[in-house]
Each structure stands twice: as structure tokens, then as C-alpha cells.
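Engineer: pasting the sequence and the predicted coordinates here, then a few questions.
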Amino acid sequence: MVHGQKNWFGWLSPIMQNFNWTDGCIALTNSEMDEFMALVEVGTKIQIEW
């Protein structure tokens with residue numbers, strides 16, 4: 001899953017980026033999530049390559 005910060009916690013982004021808070025998901029800051037959503041339609045399959 002790709003997600004941003006929980007509602008109302010976007011302001012904690014600079015602190016949260018220092019911890020593993022993703023539970024295995026691809027996590028973005030809320031501003032990064034806004035950009036991602038503008039570029040990719042909901043439901044689009046994505047492949048993350050390591």
C-alpha cells in the first residue's frame with residue numbers, strides 16, 4: 001500500500017521520517033502523496049523494484 005501521514009499528523013512529518021512507522025507500506029509525506037495522486041490514477045497497479 002502507498003500512503004501518507006494519518007490525518008492531522010502531517011505536521012509531524014519531519015519527526016516521523018526518523019522512525020519506522022510504515023508497517024511495510026510505501027510511505028510518503030502528505031505533500032509527496034498529493035503529488036503522487038496528481039500523477040497516478042487510483043487503482044493503477046505499481047511495481048516497486050528493489
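Structural biologist: Yep, it's here. This one's a predicted model, so the numbers in the text were calculated from it and none came from an experiment.
Engineer: packing partners for the helix ranked longest in the chain?
Structural biologist: Taking DSSP state H as the criterion, the chain has its longest helix at helix 30-39. If contacts are counted by 3 or more CB pairs under 8 Å, 6 or more residues apart in numbering; DSSP states H and E, helix 30-39 sits against strand 2-3. Heads up, the C-betas are built off the backbone N, CA and C, glycines and all.
Engineer: what are the pairing partners of the strand it packs on, and which direction each?
Structural biologist: Paired strands of strand 2-3, with direction, are strand 26-27 (parallel) (DSSP bridges).
Engineer: quick one: mean pLDDT over the strand it pairs with.
Structural biologist: Mean pLDDT, computed over strand 26-27, is 78.
Engineer: one step back: buried residues, the longest helix of the chain. List them.
Structural biologist: residue 33 (16 or more other CB atoms under 10 Å).
Engineer: mind saving the C-alpha coords of it as CSV?
Structural biologist: Taking C-alpha atoms only, helix 30-39 is exported to CSV below (Å, rounded to 0.1, in the frame of the first residue of the first chain):
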residue,chain,number,x,y,z
ASN,A,30,1.4,14.2,2.8
SER,A,31,2.8,16.7,0.2
GLU,A,32,4.5,13.9,-1.6
MET,A,33,1.2,12.0,-1.5
ASP,A,34,-0.6,14.9,-3.1
GLU,A,35,1.9,15.0,-5.9
PHE,A,36,1.7,11.2,-6.4
MET,A,37,-2.1,11.3,-6.5
ALA,A,38,-1.9,14.1,-9.2
LEU,A,39,0.3,11.8,-11.4
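Engineer: rounded mean pLDDT for that helix, please.
Structural biologist: Summarised as a single mean, pLDDT over helix 30-39 is 88.
Engineer: how near is the spatially closest residue to residue 26 that is not a sequence neighbour to residue 34?
Structural biologist: Once flanking residues are discounted, residue 26 sits nearest to residue 2: 4.5 Å by CB to CB, 6 or more residues apart in numbering. Per CB to CB, to the nearest Å, residue 2 is found 12 Å from residue 34.
Engineer: and what of residue 4?
Structural biologist: Residue 4 sits 8 Å away from residue 34, going by CB to CB.
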